[in-house]
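Peer 1: based on what follows, work out the 3D shape:
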Amino acid sequence: MDKTGPEMKTEDRRLYDKGFRYLQAQGVIKRSRDAWQFFHDRQWEGLEQSEVFGKDGPPFINFVKPDVLYKMTTLGQRSTRIVFLPADNTRPEFLENAKTACDNLTAYAAATWENTKLDSMRWRAIRDAIVVGDGLLHFAGKVESDGEVKPAPEIVDAVNVFYGDENESDVQKQEYILISYRRPVSELRKEAKENGVADDELEAITSDEQTEGQANDAGDNELETTGPDEGKALVILKYWRGEDGKIMMRKSVSHCVIMPDKATGLSLYPIAKMSWEEVKNSARGNGIVAAQIPNQVEYNKTLARRAVKVMETAYPKMVYNESMIDNPDELDNVGAKIAIRGQRLGQEHDRLPSGDEYVGGRHRALE
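Peer 2: All right, here's what the predicted structure looks like:
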């Protein structure tokens, strides 16, 4: 029995397909790719090579990137930390113990913040929000060898997050949230085996080429593979609320569940979202780049037109009668002797007129 047919898709893969079709219909993925291309200096993408400009392409001045970086540094340089303080209504006899506990929690939060490089991720999330509208941090958990679960936050792209309600901006009010990844097949099979997936089910974990949902088209270029056991596969992580209100999670590929339903013990979805500009009745924010692209395109066109005009008019063009020159190939050589065909010098029409003849001729022409 074929376990990789369309009818064998997992429930989460069907939800992913529904969300992906919505993003395509709304142009979310195209806007994301266009925004990143313009930010990353690929402003003439898709233009055929021009004989005028050659392989380097037409000129451009990227005013999108400086605007993004200025806003990112202005906001990002404001330091952030987590501080715990006793509640205002703490009873006096417990105040000292409460302060000690809060100090310990503050120190633990600072150490975790440093160990997980949250400052670096915060800068990247701010940049993502400015460019495409949403910066997203996923606070995943990593199980250590001793069984302890430690925080492992990661940046996720806005186009790789799918909401149960695309009209609700509050992440915590979502019915479910999907996060998509691309991971090596070998890594996925190992994880599935550790989670008790049967060996025959592991065969359903195969590589695919479903990269069209990535935030930037650079994600389309993966290493060449020689078979279904190599390469990467689409992974879907689903969060939803269980009957007790706590957050549940499950991980799947297209045709196999690699991590069954698991209780996280969390009361909130482990996702933090920053929208640069909230859009009314939409789960997705608005960045600054999409609105700047038409201006950037027109500016680049004007710059290219100016460059072409300079090429056409900056240097004088030599005009000559080729039939009268024996060695036209020497015209561009400095100090070359040019051989001229025709009548001998000294004949009437070859002689330059004298001053009197010139003036007389001018007078006769004016009579």
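Peer 1: three-state assignment of the nearest residue to residue 149 once chain neighbours are set aside?
Peer 2: Excluding the flanking residues, the one nearest residue 149 by CB to CB, 6 or more residues apart in numbering is residue 141, at 4.4 Å. The C-beta positions use only the backbone N, C-alpha and C, and glycine is treated the same way. Of the three states, residue 141 takes strand according to DSSP: H, G, I helix; E, B strand; the rest coil.
Peer 1: pretty sure residue 141 sits against residue 148.
Peer 2: No - counting by CB atoms under 8 Å, residue 141 stays clear of residue 148, with 9.8 Å between them.
Peer 1: so for those two, which residue has more residues nearby?
Peer 2: Taking other CB atoms under 10 Å, residue 141 and residue 148 do not tie; residue 141 has more neighbours (14 against 9).
Peer 1: contact partners for the more buried one?
Peer 2: The contact partners of residue 141, taken as CB atoms under 8 Å, 6 or more residues apart in numbering, are 149-152, 264, 270.
Peer 1: please determine how far it is located from residue 76.
Peer 2: 26 Å (CB to CB, to the nearest Å).
Peer 1: cool, and residue 200?
Peer 2: Residue 200 is 49 Å from residue 76, by CB to CB.
Peer 1: with neighbour numbers in mind, choose between those two.
Peer 2: Under the criterion of other CB under 10 Å, the comparison of residue 200 against residue 76 puts residue 76 first, with 17 against 8.
Peer 1: which residues touch that one?
Peer 2: 122-123, 126.
Peer 1: 10 Å - rerun?
Peer 2: 69, 119, 122-127 (CB atoms under 10 Å, 6 or more residues apart in numbering).
Peer 1: any weak-confidence spans in this protein?
Peer 2: 1-8, 228, 342-367 (pLDDT under 70).
Peer 1: can you map out the helices along it?
Peer 2: Under the criterion DSSP state H, the chain contains helices at 11-25, 28-39, 64-76, 92-115, 118-132, 185-194, 199-202, 289-313, 355-366.
Peer 1: would you list these in a markdown table and tack on distance to residue 248?
Peer 2: Putting the helices of the chain into a markdown table (distance: least, CB to CB, whole Å) gives the following:
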| stretch | distance to residue 248 |
| --- | --- |
| helix 11-25 | 12 |
| helix 28-39 | 27 |
| helix 64-76 | 34 |
| helix 92-115 | 24 |
| helix 118-132 | 25 |
| helix 185-194 | 18 |
| helix 199-202 | 21 |
| helix 289-313 | 35 |
| helix 355-366 | 101 |
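Peer 1: identify whichever of these lies nearest to residue 169.
Peer 2: In terms of CB to CB, the element of the helices of the chain nearest to residue 169 is helix 118-132, at 13.5 Å.
Peer 1: what is the closest one packed up against?
Peer 2: helix 28-39, helix 64-76, helix 92-115, strand 134-143, strand 149-156, strand 271-275, helix 289-313 (3 or more CB pairs under 10 Å, 6 or more residues apart in numbering; DSSP states H and E).
Peer 1: packed most tightly, which of the ones you listed would that be?
Peer 2: helix 28-39 (a mean of 21; mean count of other CB atoms under 10 Å).
Peer 1: C-alpha coordinates for that one, PDB please?
Peer 2: Extracted C-alpha coordinates of helix 28-39, given in PDB (Å, rounded to 0.1, in the frame of the first residue of the first chain):
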ATOM      1  CA  VAL A  28       1.400  37.100   1.400                       C
ATOM      2  CA  ILE A  29       4.200  34.800   0.200                       C
ATOM      3  CA  LYS A  30       4.900  37.000  -3.000                       C
ATOM      4  CA  ARG A  31       5.000  40.200  -0.900                       C
ATOM      5  CA  SER A  32       7.400  38.500   1.500                       C
ATOM      6  CA  ARG A  33       9.700  37.400  -1.300                       C
ATOM      7  CA  ASP A  34       9.600  40.700  -3.100                       C
ATOM      8  CA  ALA A  35      10.300  42.600   0.200                       C
ATOM      9  CA  TRP A  36      13.400  40.400   1.000                       C
ATOM     10  CA  GLN A  37      14.700  40.700  -2.600                       C
ATOM     11  CA  PHE A  38      14.600  44.500  -2.500                       C
ATOM     12  CA  PHE A  39      16.100  44.600   1.000                       C
END
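Peer 1: that one versus helix 118-132: what angle between them?
Peer 2: Angle of helix 28-39 versus helix 118-132, following axes from the mean of the first three to the mean of the last three CA atoms, to 10 degrees, is 100 degrees.
Peer 1: list the contacts for residue 40?
Peer 2: Counting by CB under 10 Å, 6+ apart, residue 40 has contacts 62, 64-65, 131, 216, 218.
Peer 1: oh, that last question was meant for residue 22, not what I typed.
Peer 2: Applying CB under 10 Å, 6+ apart, the residues near residue 22 are 28, 162-163, 166.
Peer 1: who wins on neighbours among those residues?
Peer 2: residue 162 (25 neighbours).
Peer 1: that residue against residue 19, yeah?
Peer 2: Yes - between residue 162 and residue 19 there is a contact at 3.2 Å, judged by CB atoms under 10 Å.
Peer 1: which neighbours do the two share?
Peer 2: By CB under 10 Å, 6+ apart, the residues touching both residue 162 and residue 19 are 178, 180, 213, 236.
Peer 1: residues contacting the closest residue to residue 240 other than its chain neighbours?
Peer 2: If the residues on either side of it in the chain are set aside, residue 240 comes closest to residue 176, at 4.0 Å by CB to CB, 6+ apart. By CB under 10 Å, 6+ apart, the residues touching residue 176 are 12, 15, 162-165, 238-241, 248, 269.
Peer 1: pull the most distant pair out of those residues.
Peer 2: Every pair of these checked by CB to CB; the farthest is 165 and 248, at 17.7 Å.
Peer 1: quick revisit: which of the contacts of residue 176 are buried, as a PyMOL select command?
Peer 2: With 16 or more other CB atoms under 10 Å as the criterion, this PyMOL line picks the buried residues out of the contacts of residue 176:
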select buried, resi 12+15+162+163+164+238+239+240+241+248+269
